[in-house]
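K.L.:
coords please:
(one chain, ligands or ions: 2)
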Amino acid sequence: MGSPGSGKTAVLEATARIMAGVRLGAVSADLATDNDARRLEAAGIPSRAITTGQACHLDAELVHRSLHDFPWRELDVFFIENVGNLVCPAIYDLGQEANVVVLSVTEGEDKPLKYPVMFRKADLVLLTKCDLVPHLEVDLRKIEDALARVMPEPKLIRVSARTGEGLGPWKAWIEAKRAGGVGWAFVDANYMRPPATTAEILHPERAATRHLLAPADRPSAAELPTGMRVLYADTFGEWMLGTLLERAGAPDARALAAEWQDDRILFFEPRRMEGETWPVGFVWRIRAASPDAARRLAAALAPLYERSEGRPVAAIAVVEDRVEVVRGRPRAQKPVSSPAGISAPPAGR
Ligand SMILES: Nc1nc2c(ncn2[C@@H]2O[C@H](COP(=O)(O)OP(=O)(O)O)[C@@H](O)[C@H]2O)c(=O)[nH]1
Ligand SMILES: [Mg+2]
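P.N.:
Numbers count the residues shown, from 1 in each chain. Ligands and ions are numbered 1, 2, ... in the order given. Below is the predicted model of the structure:
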């Protein structure tokens with residue numbers, strides 16, 4: 001990361017010269033043109049260009065998409081050259097292991113103080129174009145002082161892509177990162193098993209003891225009225241439930257949402273629309289931690305689904321530890337007892 005023209009691409013070109021034998025790769029981002037990716041390719045670094053158009057920074061999705069046909073797994077070191085900008089790139093997580101900020105000697109001694117977020121996030125600052133110092137009135141100690149005030153563990157290497165000054169320590173820094181790096185096994189482990197629901201993030205310790213919806217309790221296409229087709233099925237999860245409860249005005253929304261165990265919602269609409277006003281129907285079943293929790297959840301959700309213009313928006317029912325919310329009544333009655341309103345679980349079940 002660094003300002004436009006600070007020397008990001010030049011540093012990478014120089015890196016290719018000093019790291020023969022190490023398999024490097026890069027993506028390089030600019031608002032327009034693939035010039036930098038072509039410069040890096042010419043320097044011997046297999047690269048992809050990302051043109052962001054209006055966006056002043058990269059995001060993880062952009063990086064991901066640029067790598068679909070890129071042999072990144074065969075690389076030893078992978079660089080992401082962000083859009084030239086000292087502000088926005090600092091706050092986006094691209095999955096990178098380290099942040100290197102490129103600051104050139106011509107940019108002004110107080111840049112770290114003016115853009116503290118960028119420098120606070122930096123693991124290393126490369127002070128570039130040091131070959132120009134004799135021609136400038138710049139005091140490098142002032143830059144180092146400014147850095148020391150914003151960077152938690154100030155680390156700066158003075159370099160010049162032109163003369164090769166400082167490239168040895170830069171190479172050593174990369175090598176140290178590689179040696180202590182987490183490597184692909186760690187990355188793979190996380191990519192192969194992303195959290196399936198927000199509850200896994202909020203309460204990872206509960207993952208093993210969660211009560212899932214029985215397959216028979218999951219909404220299915222078979223229970224839809226004739227003439228309806230499935231739009232899609234989804235799991236809302238604990239966080240979404242909490243957000244809905246907040247919207248319903250529940251005072252203890254997040255605590256109540258923590259009673260969530262599992263849920264599945266199936267959206268449907270008429271196969272043939274007459275007019276365009278049919279609201280999308282849905283069957284949403286939530287399994288709560290207990291019948292009591294299910295009753296409290298249903299009561300707290302009710303304000304969201306109460307009447308609008310004289311008609312109920314959706315019907316809520318409770319069966320044992322499950323809450324069911326339905327809009328557009330399905331044909332076959334699943335295990336649910338009450339057609340509308342909130343019902344207590346049948347006694348003895
Ligand atoms: N004198 C000198 N010029 C440099 C150095 N590094 C980059 N430049 C020049 O600075 C300009 C911008 O460099 P570039 O790598 O494209 O910057 P980027 O926009 O941050 O990728 C170019 O004209 C480079 O030739 C350096 O170490 N010394
Ligand atoms: Mg560049």
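K.L.:
Most proximal residue of the stretch 201-349 of the chain with respect to ligand 1?
P.N.:
Closest approach between the stretch 201-349 of the chain and ligand 1, counting by CB to the nearest ligand atom: residue 201, at 36.1 Å. No exception for glycine: its C-beta is placed from N, CA and C like everyone else's.
K.L.:
Distance-wise, check that residue relative to residue 144.
P.N.:
Separation of residue 201 from residue 144 (CB to CB, to the nearest Å) stands at 40 Å.
K.L.:
Tell me which of those two has more neighbours.
P.N.:
residue 144 (17 against 11; other CB atoms under 10 Å).
K.L.:
ok, back up a step: I figured the residue of the stretch 201-349 of the chain closest to ligand 1 was touching residue 207, is that so?
P.N.:
No - in this structure, residue 201 is not within contact of residue 207 by CB atoms under 8 Å, at 10.2 Å.
K.L.:
Look at the closest residue to residue 328 other than its chain neighbours and say how many residues are nearby.
P.N.:
Closest residue in space to residue 328, ignoring its immediate chain neighbours: residue 281 at 2.7 Å, by CB to CB, 6 or more residues apart in numbering. Residues lying near residue 281 (other CB under 10 Å) number 20.
K.L.:
In contact with residue 281, which residues?
P.N.:
Under the criterion of CB atoms under 8 Å, 6 or more residues apart in numbering, the neighbours of residue 281 are 224, 228, 267-269, 326-328.
K.L.:
What average pLDDT does the longest strand anywhere in the chain get?
P.N.:
Counting by DSSP state E, the longest strand found in the chain is strand 260-270. Averaged over strand 260-270, pLDDT sits at 94.
K.L.:
Stretch 281-294 now?
P.N.:
Averaged across stretch 281-294, the pLDDT comes to 97.
K.L.:
Output the helix or strand residue 323 falls within in CSV, but only the C-alpha positions, please.
P.N.:
Assigned by DSSP states H and E, residue 323 belongs to strand 322-327. Extracted in CSV, the C-alpha atoms of strand 322-327 (Å, rounded to 0.1, in the frame of the first residue of the first chain):
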residue,chain,number,x,y,z
ARG,A,322,-39.8,-25.1,17.4
VAL,A,323,-41.2,-21.8,16.1
GLU,A,324,-42.8,-21.7,12.7
VAL,A,325,-43.5,-18.5,10.8
VAL,A,326,-45.5,-18.8,7.6
ARG,A,327,-46.6,-16.3,5.0
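K.L.:
Now do it, average pLDDT.
P.N.:
Rounded mean pLDDT across strand 322-327 is 96.
K.L.:
What is that strand packed up against?
P.N.:
Contact partners of strand 322-327 among helices and strands, from 3 or more CB pairs under 8 Å, 6 or more residues apart in numbering; DSSP states H and E: strand 281-288, helix 291-305, strand 315-319.
K.L.:
can you list the weak-confidence ranges in the stretch 101-250 of the chain?
P.N.:
By pLDDT under 70, the weakly predicted segments of the stretch 101-250 of the chain are 186-187, 190-191.
K.L.:
can you give me the helices for it?
P.N.:
111-114, 116-120, 140-150, 167-180, 183-192, 198-202, 237-247 (DSSP state H, counting those that start in this stretch).
K.L.:
and the shortest one, which residues are buried?
P.N.:
To tie it back to what came earlier, the one meant is helix 111-114. 111-112 (16 or more other CB atoms under 10 Å).
K.L.:
Point out the residues in the chain that sit beside ligand 2.
P.N.:
When proximity is defined as CB under 5 Å from the ion, the chain approaches ligand 2 at 8-9, 36.
K.L.:
With pLDDT and distance to residue 15 added, can I get these in JSON lines?
P.N.:
JSON lines is the format used below for the residues of the chain next to ligand 2 (pLDDT from 0 to 100; distance: CB to CB, whole Å):
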{"residue": "8", "pLDDT": "98", "distance to residue 15": "11"}
{"residue": "9", "pLDDT": "98", "distance to residue 15": "10"}
{"residue": "36", "pLDDT": "96", "distance to residue 15": "14"}
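K.L.:
among the residues you listed, which are in strands?
P.N.:
With strands defined by DSSP E, no entry of those lies inside them.
K.L.:
from the chain's centre, how far out does stretch 222-235 sit?
P.N.:
When C-alpha coordinates are averaged (CA atoms, centre = their mean, to the nearest Å), stretch 222-235 and its chain have centres 30 Å apart.
K.L.:
Over to it now: how far is its first residue from its last?
P.N.:
19 Å (CA to CA, to the nearest Å).
K.L.:
Stretch 94-108 too?
P.N.:
Separation of the first and last residues of stretch 94-108 by CA to CA is 28 Å.
K.L.:
Stretch 7-25 too?
P.N.:
Distance between the two ends of stretch 7-25: 18 Å, counting by CA to CA.
K.L.:
list the buried ones in it?
P.N.:
Of the residues in stretch 7-25, 7-16, 19, 24-25 count as buried by neighbour count, 16+ other CB under 10 Å.
K.L.:
and these, which of them are in helices?
P.N.:
8-16 (DSSP state H).
K.L.:
which of those are close to ligand 1?
P.N.:
8-10 (CB under 6 Å from any ligand atom).
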